[in-house]
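Visitor: Here's a sequence, model it:
(one chain, ligands or ions: 1)
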Amino acid sequence: MSDLKRQAEDVRSSFEQAIASVTATDALQELRVRYLGKKGELTALLKSLGKLPPDERPQAGEAVNALRGQIEEKIERKKQDLTRAEDAAAEALDKVDVTLPSRGRPAGAFHPVAQTMHEIVSIMLGLGYSVALGPEIEEEHYNFECLNMPSWHPARDMQDTFYFPADEETGRRLLRTHTSPVQVRSMLQYGAPLRIVCPGKVYRRDNDPTHSPMFNQLEGLLVEEDVSFSVLKGSLRELMNGFFGRELKNRFRASYFPFTEPSMELDIECVECGGKNLSCRVCKGTGWLEVCGMGMVHPFVVRSGGIDPERYNGFAFGLGLDRMAMLKYGINDLRLLFDGNVSYFLSGRDA
Ligand code: PHE
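Guide: This next block holds a predicted model:
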């Protein structure tokens, strides 16, 4: 055996040993340089071919080139194996094991709107109210007719309301546009006296940064004998101060709803600036926040609920739970509440 051939065998066996102990792609790259690089062991053999006597060159050249081919192939195959294993390991590291206990944070939390709903409901339970619920797919009859909004009423417009295709048996059904139909359903179901709050989803054909086609309301209804407007004012003051955790200035403005008479809207002092910042982004510098529509229940509605308006009267109010959540938790874009990205809320908590 010529010297060169022996050297080639030495290179082969040292390579075989070396590659067997390589376990990572970067070590494999070093190995490639050590054998096939410019100053590599195999490259040195190739270079020395030129020093052989001409008659030995073809045979020796063939052997060294064959060895190079085998080394290249083995490195390539090993590279594929190692890359696959490294990718799998990285993927395993990335995987979230949902069965593990959480670190640092509580294992779950209420959505801010659900949290808001629970807080308001619990204040109202303290004032003697019960919770009543109604269907989100509602009949025109309860959503509009019973609430003193006859067929010509502008709020019944197709532009504002999601209607289902008409059905001969049930008439035209719709996604309720407010929680007020639960007033009538509850009066019919329970009679008077009655104190209820009705939280739930409502739907309108609206979609922009401050309006969502689905949002959440909470309705309140009290029907008793000799109810005065001052009871309504006191109850709402209790609700707002309880919810925001401090005494807030408030004002009642005359307004209009077909189902209450007289109707009012409640403004509270801006919870962000207290009316002290003319460029406040929350109250737009007015110092006031509109939070709630209300009024004394219209006798027409009391009668729709099967109750004698000569004997009983009452009040009702409706507020937006999403808006209340945004005000309390400093959330400035309504859409954040519905896009399912929890990092916004979690980062707030960690900070
Ligand atoms: N239903 C009204 C609305 O959606 C709110 C409201 C409820 C007003 C009860 C008065 C009484 O805007």
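Visitor: Spell out which parts of the protein neighbour the ligand.
Guide: Contacts of the chain with the ligand, taken as C-beta under 6 Å from any ligand atom, map to H178, S180, E219, F257, T260, G293, M294, G295, A316, F317, G318. No exception for glycine: its C-beta is placed from N, CA and C like everyone else's.
Visitor: all helices for the stretch 151-300 of the chain, in order.
Guide: 181-190, 229-244, 299-304 (DSSP state H, counting those that start in this stretch).
Visitor: are any of the residues of the chain next to the ligand buried, and which?
Guide: H178, S180, E219, F257, T260, G293, M294, G295, A316, F317, G318 (16 or more other C-beta atoms under 10 Å).
Visitor: Tell me the secondary structure of whichever residue of the stretch 201-350 of the chain sits closest to the ligand, please.
Guide: Scanning the stretch 201-350 of the chain for the residue nearest the ligand gives G318, at 2.7 Å (criterion: C-beta to the nearest ligand atom). Going by DSSP: H, G, I helix; E, B strand; the rest coil, the secondary structure assigned to G318 is strand.
Visitor: Now render the helices of the stretch 151-300 of the chain as JSON lines, adding distance to W152.
Guide: JSON lines is the format used below for the helices of the stretch 151-300 of the chain (distance: least, C-beta to C-beta, whole Å):
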{"stretch": "helix 181-190", "distance to W152": "19"}
{"stretch": "helix 229-244", "distance to W152": "29"}
{"stretch": "helix 299-304", "distance to W152": "15"}
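Visitor: out of these, deepest packed?
Guide: Stretch with highest mean neighbour count among these: helix 181-190 (a mean of 22; mean count of other C-beta atoms under 10 Å).
Visitor: Remind me what that helix packs against, helices and strands.
Guide: Where contact means 3 or more C-beta pairs under 8 Å, 6 or more residues apart in numbering; DSSP states H and E, helix 181-190 is packed against helix 140-143, strand 194-203, strand 214-224, helix 299-304.
Visitor: Give me the average confidence score over that helix.
Guide: For helix 181-190, the mean pLDDT works out to 98.
Visitor: Relative to the whole chain's centre, how far out is it?
Guide: Taking C-alpha atoms, centre = their mean, to the nearest Å, one finds helix 181-190 lying 32 Å from the centre of the chain it belongs to.
Visitor: can you give me the angle it makes with strand 214-224?
Guide: Angle of helix 181-190 versus strand 214-224, following axes from the mean of the first three to the mean of the last three C-alpha atoms, to 10 degrees, is 40 degrees.
Visitor: Could I get the buried residue list for the lengthiest helix in the chain?
Guide: Longest helix in the chain, counting residues (DSSP state H): helix 57-94. Buried residues in helix 57-94, counted by 16+ other C-beta under 10 Å: A60, A63, V64, L67, R68, I71, I75, K78, L82.
Visitor: What is the burial count for the closest residue to Y256 other than its chain neighbours?
Guide: Excluding the flanking residues, the one nearest Y256 by C-beta to C-beta, 6 or more residues apart in numbering is S263, at 5.2 Å. Look at S263: counted by other C-beta atoms under 10 Å, it has 18 neighbours.
Visitor: Settle this for me: S263 is touching A254, isn't it.
Guide: Yes: applying C-beta atoms under 8 Å, one finds S263 in contact with A254, separated by 7.3 Å.
Visitor: Sort out which residues of stretch 122-133 are buried, please.
Guide: Buried positions in stretch 122-133, judged by neighbour count with 16+ other C-beta under 10 Å: I123, M124, Y129, A132.
Visitor: Show me the contact partners of that stretch.
Guide: Stretch 122-133 has contacts (C-beta atoms under 8 Å, 6 or more residues apart in numbering) with 121, 182, 185-186, 189-190, 195-200, 220, 222, 235, 238-239, 242-243.
Visitor: ok, now stretch 162-182?
Guide: 132-143, 146-147, 155, 160-161, 196, 198-200, 202-205, 213, 217-219, 221, 259, 316, 318.
Visitor: Distance from the chain centre to it, please.
Guide: In terms of C-alpha atoms, centre = their mean, the gap separating the centre of stretch 162-182 from the centre of its chain is 28 Å.
Visitor: Show the end-to-end separation of it, please.
Guide: Chord length of stretch 162-182, first to last residue, is 18 Å (C-alpha to C-alpha, to the nearest Å).
Visitor: What residues of it count as buried?
Guide: For stretch 162-182, a neighbour-count test (16+ other C-beta under 10 Å) marks F162, R173, L174, L175, R176, T177, H178, T179, S180, P181, V182 as buried.
Visitor: check contacts around T116.
Guide: Contacts for T116 (C-beta under 8 Å, 6+ apart) come out as F243, L321, M324, A325, K328.
Visitor: could I get the residues you listed as CSV with pLDDT and distance to T23?
Guide: Formatted as CSV, the contacts of T116 follow (pLDDT from 0 to 100; distance: C-beta to C-beta, whole Å):
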residue, pLDDT, distance to T23
F243, 97, 61
L321, 97, 58
M324, 96, 59
A325, 95, 54
K328, 94, 56
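Visitor: Give the ranges of residues in the chain that sit below the confidence cut-off.
Guide: The model of the chain has pLDDT under 70 over residues 1-2, 104-107, 158, 170, 342-351.
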